[in-house]
Structures are given as structure tokens and as C-alpha cells.
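In: Provided below are the primary sequence and the corresponding predicted coordinates.
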Amino acid sequence: MTKKISNTKDHPMDSMPLDFTALRRRPDVEAPNLQAHDAADLLLLDTARESGALAAAADGKLVVLGDHYGALVLGAVARGATGVRVHQDGLSGQRAIDANAAGLLPQSAGAYRHLPLDAALVEGATLVLMALPRSLDALEEMAALLAKHADPSVTLLATGRVKHMSLAMNEVLGRYFGEVSAGLARQKSRVLTASAPLAPDALPASRFPLACAHAVGLASDLELRAFGATFGGAKLDPGTRFLLLHLAGAREAATAIDLGCGNGTITAYLALIRPSMHVLGCDQSASAVASTLATAAANGVTARVTALRDDALSAQPDASARLIVLNPPFHMGNTVHAGIALKLIADAGRALEPGGELWCVWNSHLGYRGALEKLVGPTRQVDRNPKFTVTVSTRK
């Protein structure tokens with residue numbers, strides 16, 4: 001059934017229709033089992049409207065955090081919100097919001113703007129709509145920002161699917177807000193409400209960026225740094241650790257690309273073992289880009305590292321790269337899906353010059369070898385253990 005927001009006398013802020021079923025995920029991976037909105041989005045919008053909080057925050061007082069593809073932003077704008085400030089960590093999601101706005105709600109032009117995760121995003125905000133992140137660290141980083149910089153009267157309404165929520169989320173919010181409560185579930189979704197931010201002198205000291213040192217066979221430990229939304233935090237991913245054992249055998253290149261750089265492990269490691277190499281870390285996550293730069297600084301290789309927020313390698317010309325290294329994700333949000341890995345592999349194949357190499361580590365049971373052969377070129381196995389496979393693919 002098509003869900004629309006429509007003009008009614010009961011809800012005077014409902015000023016523009018929005019067909020939620022028409023929302024798309026592009027440029028993110030699209031598939032029949034991957035949706036661009038869910039029941040949690042609709043519950044959050046209904047909660048904000050019915051409480052009167054959305055009407056009160058209509059003019060520049062509303063912030064939207066973590067909206068996946070535009071349901072929250074455009075749903076709020078369709079109900080009359082203006083001057084909406086938006087932060088979406090993933091670049092593909094940010095671009096999807098804009099594409100959906102242009103295609104479904106052209107009246108929304110100028111009604112919202114994207115901002116980084118900093119004080120300007122939340123200053124003066126009285127209402128925050130949040131799609132709960134997977135990571136408790138990401139939730140804590142955002143909660144700390146709100147408690148410190150939003151209006152003291154701010155109300156946070158945070159939504160998620162019940163199966164992905166936990167009491168730990170309430171506990172995290174309780175470190176920064178005096179009042180935290182959970183609403184009734186509807187269609188397997190729930191809204192958490194947080195208000196009464198703690199006084200500045202009662203707030204916990206910031207933990208970000210997270211820091212951890214790892215022994216990886218270098219003269220000194222590899223120092224990793226991570227901000228809240230960076231997948232895996234400052235830990236050393238076991239697949240990446242296995243890959244590091246073999247990167248000394250990668251071909252010589254003046255520049256290498258760490259595709260999906262995350263916390264910057266591969267970026268910093270390459271810069272450390274190849275003193276003449278410049279390394280470009282690319283990730284669609286703004287948090288990952290900041291983490292990679294922090295990791296580079298912690299290891300003294302800032303001068304030879306660049307980090308770029310990009311959707312795959314869209315900023316790189318065809319046939320321009322000599323060496324790309326990739327540890328592809330196998331999930332999209334809370335959904336296990338191979339589509340994102342295939343997208344990254346395909347774009348690596350496009351960006352590699354003839355004879356260029358893609359070094360890749362992947363969970364052995366996923367069987368990516370055929371895709372690597374098809375999307376990049378001849379592929380050989382470098383090593384394999386019970387969990388992971390390291391391959392190198394050469395562009396024809």
C-alpha cells in the first residue's frame with residue numbers, strides 16, 4: 001500500500017504529499033530486498049507530529065541525524081519544516097537524499113542542508129530526529145554533541161527496528177540526558193525519547209577518537225584511531241591483519257589507494273612499509289575519513305596520506321590507478337548483502353590501469369574469486385586460512 005502524507009484538517013503541517021514507496025536508494029545498491037524506508041521512519045515522523053514537537057521546530061530548529069535515504073528529511077519538509085540541518089555519515093545516503101528530493105519533492109530545494117558532525121550542526125536545535133546507528137560509539141558521539149551544543153530544551157527522538165535495539169542504547173543516552181524513555185512498539189519499531197541534557201560540568205569526558213595500538217611486525221606498534229561511526233572502531237580487523245602479512249609483495253607504485261579505508265589501518269601500514277609511496281584512503285563514511293587522517297597523524301605519515309570521502313572511486317578517472325587495496329564489507333546497514341562488495345570491486349576494475357593490481361582480502365565462504373575475474377581480470381590466490389582468502393587481480 002502506498003503511504004502518503006496529505007493535507008488534512010487534523011494535521012495542518014501536512015502541506016505536501018510524499019509517496020514513501022517511491023523513495024529510492026540510488027546511488028547506493030538497489031535490490032528487491034533492500035528498501036529505502038521502513039516502519040521505524042514512519043513511526044518517528046508520526047511521533048514528532050503528534051507530540052507537537054515537529055511544529056514547534058519547523059523554522060530552523062530541527063536536526064535530522066542518520067536518515068538513510070530521505071524518509072525523515074523529506075517527511076519533515078513535507079510537513080512544513082524549513083531550515084532543516086542534516087547529517088548523514090555515508091556519502092551514498094547523502095546523495096540519495098538529494099536525488100529523492102529532486103525527484104519526489106522539488107519544493108524541498110533550500111529547505112534543508114547537509115552539515116558535518118560538529119557544533120554548527122546542532123546549535124540552537126530544539127528537536128532532533130535520529131535513525132539509531134548500529135554502533136553504540138556512534139550513538140555516544142552524537143549524544144555528546146547534542147548535550148553540549150543543542151538548545152537546553154532539546155528533545156531527541158531516536159528510532160529503530162526493535163530487533164536492532166538494546167537497553168545499552170538507553171544507557172548511552174542516559175550518560176548525556178537526564179530523561180530517557182522508550183515508547184510503545186509499533187510494527188516492530190520503537191522510538192526512544194531523550195531530553196534534559198546534563199549540564200556541561202556533568203558530561204563525561206570525550207573518548208573520541210578512540211585509540212588502540214597493535215603489533216603487526218613493524219619496528220613499533222601500529223596506532224589506530226577511530227571516531228564513533230567508523231566500522232570496527234580502533235580495532236584491527238582480523239581479515240585486514242591477514243592481508244597485512246602479504247602487502248610487502250604488492251607491486252611498486254608511486255600512489256596506492258586504500259578503498260574503504262575505515263580506520264586507516266591499510267593506509268598507514270602501506271605508508272610505513274613504502275617510504276616513497278603516497279596513499280589515498282577512500283571511504284564513503286565521513287567518520288572513516290576523519291579516522292584515517294587521525295591514524296596517519298598518530299603514525300607520523302600525514303605528509304604522505306590523503307583521505308577522501310567518496311562513493312566507491314567515483315572521483316578517480318578510468319584506468320588511472322596502479323595499485324588498489326580492498327577489504328570489502330559484506331553488509332549494508334543491518335543487512336548482510338554482497339552488493340556493496342561487488343560495487344567496490346567493479347569500480348576498482350574501472351579505475352585500475354592496464355597491468356594494475358587489486359589486492360583483496362575476503363571471507364573465504366563468500367567466494368568472490370569469480371567476481372574478481374569478471375570485474376577486474378586474472379586473479380591468483382596469494383594465501384588462504386580457514387576464514388580468509390587473499391587474492392591479487394591484474395587488470396588486462
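Out: Done, it's in. This structure is a prediction, so every number in the text was calculated from the model and none was measured.

In: per-domain residue ranges of this structure.
Out: 4-202, 210-394 (automatic domain parsing).

In: Would you mind giving those as CSV with mean neighbour count and mean pLDDT added?
Out: C-beta coordinates here come from the backbone N, C-alpha and C atoms, glycine included. Formatted as CSV, the domains of the chain follow (neighbours: other CB atoms under 10 Å; pLDDT from 0 to 100):
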stretch, mean neighbour count, mean pLDDT
domain 4-202, 19, 91
domain 210-394, 20, 94
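
In: Pull stretch 20-28 out as PDB, backbone CA atoms only.
Out: C-alpha atoms of stretch 20-28 as PDB (Å, rounded to 0.1, in the frame of the first residue of the first chain):
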ATOM      1  CA  PHE A  20       7.400   6.900   0.700                       C
ATOM      2  CA  THR A  21       7.200   3.800  -1.500                       C
ATOM      3  CA  ALA A  22       8.700   5.900  -4.300                       C
ATOM      4  CA  LEU A  23      11.900   6.600  -2.400                       C
ATOM      5  CA  ARG A  24      15.000   5.000  -3.900                       C
ATOM      6  CA  ARG A  25      18.400   4.100  -2.600                       C
ATOM      7  CA  ARG A  26      20.500   5.200  -5.600                       C
ATOM      8  CA  PRO A  27      23.500   5.700  -5.800                       C
ATOM      9  CA  ASP A  28      23.600   3.000  -3.100                       C
END
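
In: any idea how far that stretch is from the chain center?
Out: Its chain's C-alpha centre and that of stretch 20-28 lie 17 Å apart, by CA atoms, centre = their mean, to the nearest Å.

In: Residues in contact with that stretch: which ones?
Out: Under the criterion CB atoms under 8 Å, 6 or more residues apart in numbering, residues 2-4, 30, 34-37, 41-42, 69-71, 74-75, 90, 92-93, 95-96, 99-100, 103-104, 311, 332 lie in contact with stretch 20-28.

In: Kindly confirm my reading that Leu280 forms part of a strand.
Out: Yes - counting by DSSP: H, G, I helix; E, B strand; the rest coil, Leu280 is part of a strand.

In: Who are the contact partners of it?
Out: 255-258, 267, 305-308.

In: Thr155 too?
Out: 53, 126-128, 193-195.

In: of all these, which comes closest to Pro209?
Out: The nearest member of the contacts of Thr155 to Pro209, counting by CB to CB, is Val128 at 22.8 Å.

In: who does the helix or strand that closest one falls within pair up with?
Out: Assessed by DSSP states H and E, Val128 sits inside strand 127-131. Here strand 127-131 is paired, per DSSP bridges, with strand 62-65 (parallel), strand 155-161 (parallel).

In: contact partners of the shortest one?
Out: Residues lying outside strand 62-65 but in contact with it, judged by CB under 8 Å, 6+ apart, are 54, 72-73, 76, 81, 83-87, 112, 121-122, 125-131, 142, 150.

In: Looking at those, which are in helices?
Out: Assignment to helices by DSSP state H places the following of the contacts of strand 62-65 there: 54, 72-73, 76, 121-122, 142.

In: Out of those residues, which two sit at the greatest distance?
Out: Applying CB to CB across the ones in helices among the contacts of strand 62-65, the maximum distance is between Leu54 and Met142, 19.5 Å.

In: circling back: can you lay out the strands paired with strand 127-131 as CSV showing distance to Arg24?
Out: Converted to CSV, these look like this (distance: least, CB to CB, whole Å):
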stretch, distance to Arg24
strand 62-65, 18
strand 155-161, 20
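
In: so which of these comes closest to Phe388?
Out: strand 155-161 (30.2 Å).

In: and the closest one, how far from the chain's centre?
Out: That offset, for strand 155-161, works out to 18 Å (CA atoms, centre = their mean).

In: And stretch 309-323, by the same measure?
Out: For stretch 309-323, the distance to the chain centre is 19 Å (CA atoms, centre = their mean).

In: Could you list the residues in contact with it?
Out: With CB under 8 Å, 6+ apart as the test, stretch 309-323 has contacts from 27, 91-92, 95, 250-251, 253-257, 259, 282-286, 289, 308, 324, 343-344, 347-348, 350-357, 359, 395.

In: Out of the residues you listed, which sit inside strands?
Out: Secondary structure from DSSP state E places 255-257, 259, 282-283, 308, 324, 352-357, 359 of the contacts of stretch 309-323 in strands.

In: Quickly note the distance from Ala138 to His164.
Out: Ala138 sits at a distance of 13 Å from His164 (criterion: CB to CB, to the nearest Å).

In: Asp67 is in contact with Gly93, correct?
Out: Yes - using CB atoms under 8 Å, Gly93 is in contact with Asp67, at 7.4 Å.

In: which residues does Ala39 contact?
Out: 161, 186-189.

In: if you set the cut-off to 10 Å instead, what comes out?
Out: The contact partners of Ala39, by CB atoms under 10 Å, 6 or more residues apart in numbering, come to 3, 159, 161, 185-189.

In: Now tabulate those in CSV and tack on distance to Phe231 and secondary structure.
Out: Conversion of the contacts of Ala39 to CSV gives the following (distance: CB to CB, whole Å; DSSP: H, G, I helix; E, B strand; the rest coil):
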residue, distance to Phe231, secondary structure
Lys3, 31, coil
Thr159, 21, strand
Arg161, 19, strand
Ala185, 28, coil
Arg186, 30, strand
Gln187, 28, coil
Lys188, 25, coil
Ser189, 24, strand
